[in-house]
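> what's the 3D shape of this:
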Amino acid sequence: MTVESPPPAAAARRLLQQIGLEMAFLDLASPGGGSAGAVLAGLLMELESAVALAPEPIKRLTAKARECTTPLPAAMPDFILSLADWLSDWHAWMEEAVASWERGLQLPSVPQPLETIPGATASTPVTAVAAPPPRPGPDASVSAPPRRLVLDDPAGHQDVTVLPQEADPELVRLFCAESHDLLRDVEQGVLVLEGTPNDPDTLATVFRAFHTLKGNAAVMKLADLHRLAHEVESLLDAARRGGRSLDRDAIDVILAAADCFTRFVTEMARQVEGLSPGQSLSLPVPAILAAVAHLLAAAPAPEAARGQAPTPPPAPRSAVGAGEPAAATPPPSPAPAARATEPTASAGPAPAAASAPLTTAGTSIRVDTHKLDGLIDLVGELVIAQSMVVQGTTAERPPDEHLARALARLRGITSDLQRTAMGLRMVPIRGTFQKMARLVRDTAAELGKDVRLVLEGEDTELDRTVIEQIGDPLVHMIRNAIDHGLEPPATRTTAGKPPTGTIRLSAFHQGGFVVVRITDDGRGLDPARIRGKAIERGLIGPDTVLDDRETLDLIFAAGFSTAEQVTGLSGRGVGMDVVRRNIEGIRGKIEIDSVTGAGTTFTMYMPLTLAIIEGLLVAVGDQRFVVPTLSVRESLRPLPGDITTVHGRGELVNVRGRLVPLLRMGPHVGVAARATSPADGIVVVVEAGQECRGLLVDHLLGKQEVVIKSLGETFAGRHGFAGAAILGDGRVGLILDTNALVRLKPTIAGSAA
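The predicted structure follows:
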């Protein structure tokens with residue numbers, strides 16, 4: 001029979017919630033348990049008073065928890081490891097037990113570990129504490145850890161429940177958001193530690209991240225992740241205390257654990273939004289735990305720790321390499337804050353991931369992206385409404401002085417609001433760039449190459465949607481640069497190059513665009529070989545005439561590949577065509593420059609934002625079109641003698657001594673143009689990268705900021721349009737895709753295929 005809940009039970013439940021939060025920040029490995037230790041001790045004393053009327057098991061285990069942690073032990077590492085696990089199990093049982101007490105139900109049975117691990121009081125000698133068996137030392141009969149962590153063996157996996165049924169959705173979302181931030185710190189920090197394994201600040205950052213992940217997993221009752229984080233934390237603690245070096249094997253295990261957490265958190269975020277709820281996830285938790293056990297058992301100590309004379313500092317290693325493991329005694333490195341101020345283009349050995357601090361200070365709040373997108377849409381509608389008001393007011397008669405001032409004030413406020421709202425979407429490209437450091441490391445290791453990644457312009461900001469769209473293209477191009485571009489170390493040495501290849505990833509603003517450039521110092525692209533492969537695959541005919549730039553562009557054709565055999569990285573010809581499609585999907589352009597034997601550069605030009613653009617309004621017949629202002633180089637009214645027809649190239653217009661292909665917009669869009677001769681109209685010269693084309697229109701109507709609207713299925717098969725916009729007079733104007741128009745093949749008639 002259910003009885004009324006006694007007030008002490010509700011108080012105990014609230015105290016347990018506070019204790020869970022304090023445990024997430026408790027550092028048992030530090031003397032006295034860190035600053036959270038005193039707070040935890042006080043909460044446990046309050047809890048002991050609150051459960052004075054509770055059943056005997058609750059009172060007994062509460063007293064034991066208070067005795068174990070008052071005061072926290074300072075010099076018993078084995079006991080500390082067991083105490084952390086014991087407290088997590090105790091907290092989970094107490095929450096269930098207090099809930100049963102509150103409802104007047106039977107208490108859950110007490111797990112055996114809670115009864116067998118005693119508490120340590122201030123009067124209890126250290127030797128009386130029942131500690132777990134010590135870990136085997138270096139001389140124990142333990143097999144050496146594998147050189148590469150094997151995670152694809154099903155025997156090393158287990159099915160993990162992702163979303164507990166009783167989980168609070170808001171708490172789950174908070175857990176996922178914080179976990180993603182912590183995992184980003186882990187990956188950046190571990191890549192720094194691969195080059196400077198004794199960097200104390202970075203090591204402490206990674207340790208704290210796993211410690212927080214462990215505490216959060218305990219609060220969420222994720223036992224498997226809690227155990228995984230705890231074991232990796234033990235490995236990091238051994239390195240922090242000087243018990244072992246973070247060699248290549250340890251780095252691989254830590255990254256594998258971070259990947260495991262990332263997969264789990266990503267799936268949890270999907271399930272909390274209603275996608276595939278209840279589905280379990282197969283994770284290599286047992287394999288990682290076994291690898292950690294091997295590493296802790298072997299525990300190779302640094303040279304200085306074994307009493308030997310320290311070896312001289314080795315030569316600086318690459319920022320992200322795939323060669324031999326980092327030496328146990330690396331060159332001294334500055335603190336992360338100092339490294340953040342150094343340019344990554346320098347020739348020093350600073351790792352790419354260290355180009356920015358691992359943590360950022362400042363005041364910020366988390367906002368759901370759907371709310372942010374809704375705000376941007378409303379601002380866009382406000383811009384349209386403001387243009388319609390101004391145009392409608394001034395169309396009939398000039399406004400009086402008071403109304404003119406009010407309209408000018410409205411225009412200024414709207415512009416400021418628009419800039420502020422667009423700034424909310426702008427984020428640094430740093431996160432995307434730093435993800436490439438892990439990609440370079442893993443790909444280079446798989447291919448047996450030594451690669452250095454240099455990052456430049458990580459603070460360059462662009463639209464969040466643009467950043468999301470360029471992630472996959474960057475992955476494809478960097479993997480191709482390592483696989484196809486950079487030669488093996490032996491080949492590079494024979495060619496007079498350093499054995500370590502360099503990939504430079506940079507971003508900067510240029511002419512209203514964001515430019516992202518990928519440069520390698522590899523073998524370069526061979527136009528003759530590309531042409532031969534294109535003919536072999538039927539992409540071009542043997543008699544097709546192409547210049548070098550057009551030949552290099554063939555690598556973007558679907559199905560094209562120069563790989564001799566299909567591997568896990570390349571050979572199927574389905575990468576670079578996806579790259580071009582993604583870049584063009586955000587109104588961008590990609591260009592190639594290559595020197596055989598010296599290297600290749602891919603340059604991507606992308607708009608700052610995808611929501612609002614400034615456009616040049618042009619008239620073709622009775623229709624209105626919008627040409628993005630950033631793509632317009634100039635406009636002119638040509639003379640009759642400026643128009644030339646060249647066989648195979650169609651109509652050309654002479655622009656300051658340069659022949660530019662001409663495209664008559666009337667025939668191209670199927671509209672009866674008023675300007676039947678180029679001399680009667682206006683030629684708008686647009687450019688995309690290093691190429692340009694003249695668009696023949698009837699009139700120029702002015703400039704206007706417009707909000708881009710996506711096109712429906714009616715225009716799904718039409719090329720040359722990037723979207724639509726509602727103009728100031730309420731009419732709809734199509735936005736021209738200048739990249740597509742520049743690449744159109746000309747015909748004799750002056751239109752295009």
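> wait, what's in contact with the residue nearest in space to the middle of the chain?
For the chain, T432 is the residue whose C-alpha lies nearest the centre (C-alpha atoms, centre = their mean; 4.3 Å). Applying C-beta atoms under 8 Å, 6 or more residues apart in numbering to T432 gives the contacts 467, 470-471, 474. Heads up, the C-betas are built off the backbone N, CA and C, glycines and all.
> who does whatever helix or strand N654 lives in pair up with?
N654 belongs to strand 650-655 when assigned by DSSP states H and E. Sheet pairing of strand 650-655 (DSSP bridges) gives strand 643-646 (antiparallel), strand 658-664 (antiparallel).
> compare these and give me the one nearest M220.
M220 lies closest to strand 658-664 among the strands paired with strand 650-655, at 59.3 Å (C-beta to C-beta).
> the closest one - what's its average pLDDT?
Mean pLDDT, strand 658-664: 89.
> can you get me a residue count around A406?
13 (other C-beta atoms under 10 Å).
> got the phi and psi for it?
phi -60, psi -40 (degrees, to the nearest 10).
> may I have the phi/psi pair for the closest residue to P197 other than its chain neighbours?
Leaving out its chain neighbours, the residue that sits closest to P197 by C-beta to C-beta, 6 or more residues apart in numbering is L246, at 4.2 Å. Backbone torsions for L246, taken as degrees, to the nearest 10, come to phi -80, psi 80.
> surely L246 touches L193?
Yes: with contact defined as C-beta atoms under 8 Å, L246 reaches L193; the gap is 5.3 Å.
> what's the distance between T551 and D521?
Separation of T551 from D521 (C-beta to C-beta, to the nearest Å): 22 Å.
> which residues in the stretch 301-450 of the chain form helices?
Taking DSSP state H, counting those that start in this stretch, the helices of the stretch 301-450 of the chain run over residues 336-339, 369-396, 401-425, 430-447.
> what's the most buried one of the ones you listed?
With neighbours defined as mean count of other C-beta atoms under 10 Å, the helices of the stretch 301-450 of the chain peak in mean count at helix 430-447, which reaches a mean of 20.
> circling back: out of the contacts of T432, list just those in helices.
Mapping the contacts of T432 onto helices (DSSP state H) picks out 467, 470-471, 474.
> just the buried ones from those residues?
Buried subset of the ones in helices among the contacts of T432 (neighbour count, 16 or more other C-beta atoms under 10 Å): 467, 470, 474.
> pretty sure the last one sits against I518.
In other words, L474. Yes: between L474 and I518 there is a contact under C-beta under 8 Å: 7.4 Å.
> joint contacts of those two?
L505.
> quick revisit: closest one to Q271 among the helices of the stretch 301-450 of the chain?
helix 369-396 (18.1 Å).
> next, the angle helix 401-425 makes with the closest one.
Using axes from the mean of the first three to the mean of the last three C-alpha atoms, to 10 degrees, the direction of helix 369-396 lies 160 degrees away from that of helix 401-425.
> pLDDT (mean, whole number) over stretch 56-68?
For stretch 56-68, mean pLDDT rounds to 85.
> list the buried residues in it.
For stretch 56-68, by 16+ other C-beta under 10 Å, it's 57-58, 61-62, 64-68.
> out of the residues you listed, which are inside helices?
Per DSSP H, the subset of those in helices is 57-58, 61-62, 64-68.
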